[in-house]
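Asks: Dropping the sequence and predicted coords here.
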Amino acid sequence: QVHLVQSGAEVKKPGASVKVSCKASGYTFTGYYLHWVRQAPGQGLEWMGWINPNSGGTNYAQKFQGRVTMTRDTSISTAYMELSRLKSDDTAVYYCARGQQQLLRGEDYWGQGTLVTVSS
Amino acid sequence: QSVLTQPPSASGTPGQRVTISCSGSSSNIGSNPVNWYQQLPGTAPKLLIYGNNQRPSGVPDRFSGSKSDTSASLAISGLQSEDEADYYCEAWGASLNGPVFGGGTTLTVL
């Protein structure tokens, strides 16, 4: 049974960084891309980027380039998303989601989400 | 403003058939397949339709998807109260860097 379990809620001050973890189980971690998607309060979904857990290769949405870093630790089947220079409009629920093996076919398993609140 | 355009709301009565549209361009929907997600209140999105019209296992056949040129539609037949949720369309851009989402449609079952 596939599970993605994310780290707990965070409260950060503007200008700080946050690192969210996503622990995978129930499948071969290195066999599927992992995406990060965020959702601001009352808003829609916004794709941030993906990581290839096998190679460590990443691809970030242009909006987040220079502020986001996605990494993984294959020994514990865990992916990480770090967002720096936080602003108030980074307040959102951050999700990790597994990409289907066939590219372009959506994300079939999602973590429970991690609420990141940015407030002074 | 989202790259893919969806109506903000839709509604229907139990048993009815409703459709939700998703409009894009030649650089996303026109080039790549469309996926749909259902998000129940307070939960993570769930993949509902992938590859324009394929259902993951466990998704009832009341849900169906279609695509034509630069637009796509999600149809829900035999509407049920538990279908009340937000629905999002998704497609990758032509550059294949990553997906873009629609702004979401809130479905109300009257």
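Replies: Ah, there it is.
Asks: which residues touch the residue nearest the centre of chain A?
Replies: The centroid of chain A falls nearest to A:Trp36 when counting by Cα atoms, centre = their mean (3.3 Å). A:Trp36 makes contact with A:Trp47, A:Met48, A:Gly49, A:Trp50, A:Val68, A:Met70, A:Met81, A:Tyr94, A:Tyr95, A:Cys96, A:Ala97, according to Cβ atoms under 8 Å, 6 or more residues apart in numbering or on different chains. Where C-beta positions appear, they are placed from N, C-alpha and C, glycine not excepted.
Asks: cutoff 6 Å now
Replies: Listed by Cβ atoms under 6 Å, 6 or more residues apart in numbering or on different chains, the contact set of A:Trp36 reads A:Met48, A:Gly49, A:Met81, A:Cys96.
Asks: so where does it fall, helix or strand?
Replies: Here A:Trp36, judged by DSSP states H and E, is contained in strand A:34-39.
Asks: Direction included, what does that strand pair up with?
Replies: Partners of strand A:34-39 in the sheet, by DSSP bridges, are strand A:45-51 (antiparallel), strand A:92-99 (antiparallel).
Asks: count of residues packed around A:Arg38?
Replies: 22 (other Cβ atoms under 10 Å in any protein chain shown).
Asks: For it, report the pLDDT, please.
Replies: At A:Arg38, the model reports a pLDDT of 98.
Asks: ditto for B:Leu48
Replies: pLDDT, B:Leu48: 98.
Asks: okay, now it: neighbour count?
Replies: Neighbours around B:Leu48, by other Cβ under 10 Å: 24.
Asks: Could you pull up the residues touching it?
Replies: Applying Cβ under 6 Å, 6+ apart, we find B:Leu48 in contact with B:Trp36, B:Tyr37, B:Gln38, B:Val59, B:Phe63.
Asks: Okay, strands next: where are they in chain A?
Replies: A:3-6, A:10-12, A:18-25, A:34-39, A:45-51, A:58-60, A:68-73, A:78-83, A:92-99, A:107-110, A:114-118 (DSSP state E).
Asks: Next, the angle strand A:114-118 makes with the strand holding A:Trp36.
Replies: With axes from the mean of the first three to the mean of the last three Cα atoms, to 10 degrees as the basis, strand A:34-39 and strand A:114-118 are set at 50 degrees to each other.
Asks: Just the closest residue of chain A to chain B, please.
Replies: Nearest residue of chain A to chain B (Cβ to the nearest Cβ) works out as A:Gly106 at 3.5 Å.
Asks: ok, what's across the strand from the nearest residue in space to that residue that is not next to it in sequence?
Replies: Residue nearest to A:Gly106 in three dimensions, not counting chain neighbours: B:Asn35, with 3.5 Å by Cβ to Cβ, 6 or more residues apart in numbering or on different chains. Bridge pairing for B:Asn35 (DSSP bridges) gives the partners B:Glu90.
Asks: Hmm, B:Asn35 is touching B:Cys89, no?
Replies: No - using Cβ atoms under 6 Å as the test, B:Asn35 is too far from B:Cys89 to be in contact (7.2 Å).
Asks: Touching both of those two, which residues are there?
Replies: By Cβ under 6 Å, 6+ apart, no residue touches both B:Asn35 and B:Cys89.
Asks: From B:Cys22, how far out is B:Gly65?
Replies: According to Cβ to Cβ, to the nearest Å, B:Gly65 and B:Cys22 sit 9 Å apart.
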